[in-house]
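In: Mind looking at a prediction? Sequence and model below.
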Amino acid sequence: MPGTAHYRGFIPPYILKHLIANGSEPQRAKASGTLRHVNSLRHNPGPPTALPRQAAVAERGPAGELRRSVHDAQNGTQLPGKLVRAEGQRASGDPAVDEAYDALGATHDFFWRIYGRDSIDNRGFALVGTVHYDKDYQNAFWDGAQMVFGDGDGEIFNRFTLSLDVIAHELAHGVTESEAGLVYAYQSGALNESMSDVFGALTQQFVQEQTADQADWLIGADLLTDQVKGVALRSMANPGTAYDDPVLGKDPQPAHMDDYIDTQDDNGGVHLNSGIPNRAFYLASLAIGGFAWARAGQVWYDTLCDKRLSNVAEFSDFAGLTITNAKSRFSAEPRVAEAIAKAWEQVGVKPR
């Protein structure tokens, strides 16, 4: 399967393991199938290879031009599947297809209009999505070339195209690969995951025109069915509080370095410890006020694109660069850098 070295799944392995341990027989079977697939795509978490080449820039049209295509895997695993809706075509009538098409467009629009970024690679990368992947597949993932969405099982997870922030999250992995190439393990991997949560949340807030204090700061709020005791997969405002369910377990994310989780699982806890930089971003955004993408988001984007950011950066490295970039970008507004420095202090990260 092309691009598996880039595999980034939305649902962490520990959630699937909880399902296998605590779910009904059908739930266990579906989660086992998904986890087997995830494990088959697991890789050495070293620096990703380059994004796949597409058509030459000269053939792509003007900068910022949106090019989308959505395909149907028809409950198989062959990618990309049957083309169902290409750029500019009318709605298909299949909710998953049309949700994917709209969310790909919204994410592209956010990055272009707010940060002047021309798609994932900043060179007009065409956005490809595949829906109805496998049967009852409980995940969505970016494989280095495209987005892939399962339909969920209908008991724990709804279809994965329902959540705009999930789609933006996965596409943001491509942006991170294209820029910093943060190694997907331990603190650099948790930063990789956090960057995707940050830009997933910001895309949602941009579409809904929400200020920082109006947003819910939840990731994957549309994914959980009403049978689950929880509000989302993650909370950026209060990591560790998104769900507490007999089947899924309790949200294990830490919100402070005092509770940092040392583990070999989940590539060194990339989906766990991402709660710490997530909360720092939330706190900074709230303190600064207004639209979170305008200042805190701009600083995070500048830092992601900063050549001084190592691909094995730790939280303290990233924090130091955010403060440096805030002082540079918003020199006339010292409160921005001050709010960011205080936010890192509040989550126990010492910038360096």
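Out: Structure received. Nothing here was measured: the structure is a model prediction, and the numbers come from that model.
In: What segments of the stretch 251-352 of the chain are strands?
Out: Along the stretch 251-352 of the chain, counting by DSSP state E, counting those that start in this stretch, no stretch forms strands.
In: So what would you say the end-to-end distance of stretch 263-272 is?
Out: End-to-end distance of stretch 263-272: 10 Å, with CA to CA, to the nearest Å as the criterion.
In: could you measure Lys327 against Val231, distance?
Out: Distance of Lys327 to Val231, given as CB to CB, to the nearest Å: 36 Å. Bear in mind the C-beta positions are built from the backbone N, C-alpha and C, glycine included.
In: do the same with Lys30
Out: 22 Å.
In: out of these two, which sits in the busier spot?
Out: Lys30 (27 against 16; other CB atoms under 10 Å).
In: which residues does Arg117 contact?
Out: The contact partners of Arg117, by CB atoms under 8 Å, 6 or more residues apart in numbering, come to 111, 175, 301.
In: For Tyr101, which non-adjacent residue is closest in space?
Out: Nearest in space to Tyr101, with sequence neighbours left out and distances taken as CB to CB, 6 or more residues apart in numbering, is Val70 at 5.0 Å.
In: buried sites along the helix or strand hosting the one you found?
Out: In this assignment (DSSP states H and E), Val70 forms part of strand 68-72. By neighbour count on 16 or more other CB atoms under 10 Å, the buried set for strand 68-72 is 68-72.
In: next one: stretch 74-94
Out: 79-81, 84-85, 92, 94.
In: per-domain residue ranges of this structure.
Out: 4-178, 186-346 (automatic domain parsing).
In: what separates the most centrally placed residue in the chain from Ala339, distance-wise?
Out: Centrality entry for the chain: nearest residue to the mean C-alpha point is His169, 2.3 Å, by CA atoms, centre = their mean. Distance check for His169 against Ala339: by CB to CB, it reads 24 Å.
In: how much space is there between the residue nearest to Tyr101 and Ala332?
Out: The gap separating Val70 from Ala332 is 43 Å, by CB to CB.
In: what does Pro277 give?
Out: Distance from Pro277 to Ala332, by CB to CB: 26 Å.
In: Which one's more surrounded, those two?
Out: Ranked by neighbour count (other CB under 10 Å), Pro277 and Ala332 place Pro277 first, with 28 against 6.
In: Which residue comes closest to the more buried one once chain neighbours are left out?
Out: Nearest one to Pro277, counting by CB to CB, 6+ apart, is Ser194 at 4.1 Å.
In: so who does the one you found touch?
Out: Neighbours of Ser194 in contact, by CB under 8 Å, 6+ apart: 274, 276-278, 281.
In: ok, 6 Å please
Out: By CB atoms under 6 Å, 6 or more residues apart in numbering, Ser194 lies in contact with 274, 277-278.
In: what's the single longest helix in the protein?
Out: Counting by DSSP state H, the longest helix found in the chain is helix 186-208.
In: quick one: average confidence on that helix?
Out: Taken as a whole, helix 186-208 has a mean pLDDT of 98.
In: For the residue nearest to Thr161 when sequence neighbours are not counted, pull up the helix or strand it's in.
Out: In this structure, Thr161 finds its nearest non-sequential neighbour in Glu99, 3.8 Å apart by CB to CB, 6+ apart. Using DSSP H and E, Glu99 falls within helix 95-115.
In: got the angle between the helix or strand following that helix and strand 68-72?
Out: Next helix or strand after helix 95-115 toward the C-terminus (DSSP H and E): strand 127-131. For strand 127-131 against strand 68-72, the angle by axes from the mean of the first three to the mean of the last three CA atoms, to 10 degrees is 20 degrees.
In: Distance from the chain centre to the helix or strand just after strand 127-131, please.
Out: Following strand 127-131 in sequence order, the next helix or strand is strand 140-142 (DSSP H and E). Here strand 140-142 shows a centroid-to-chain-centroid distance of 9 Å under the convention CA atoms, centre = their mean, to the nearest Å.
In: what comes into contact with strand 140-142?
Out: The contact list for strand 140-142 (CB under 6 Å, 6+ apart) reads 7-10, 148-149, 160, 166, 170, 173-174.
In: quick one on the thing from earlier: which among the contacts of Ser194 gets closest to Leu248?
Out: Ser274 (17.7 Å; CB to CB).
In: residue contacts, that closest one?
Out: 190, 193-194.
In: try 10 Å this time
Out: Shown in contact with Ser274 (CB atoms under 10 Å, 6 or more residues apart in numbering): 12, 187, 189-198, 219, 234, 236, 239, 253-254.
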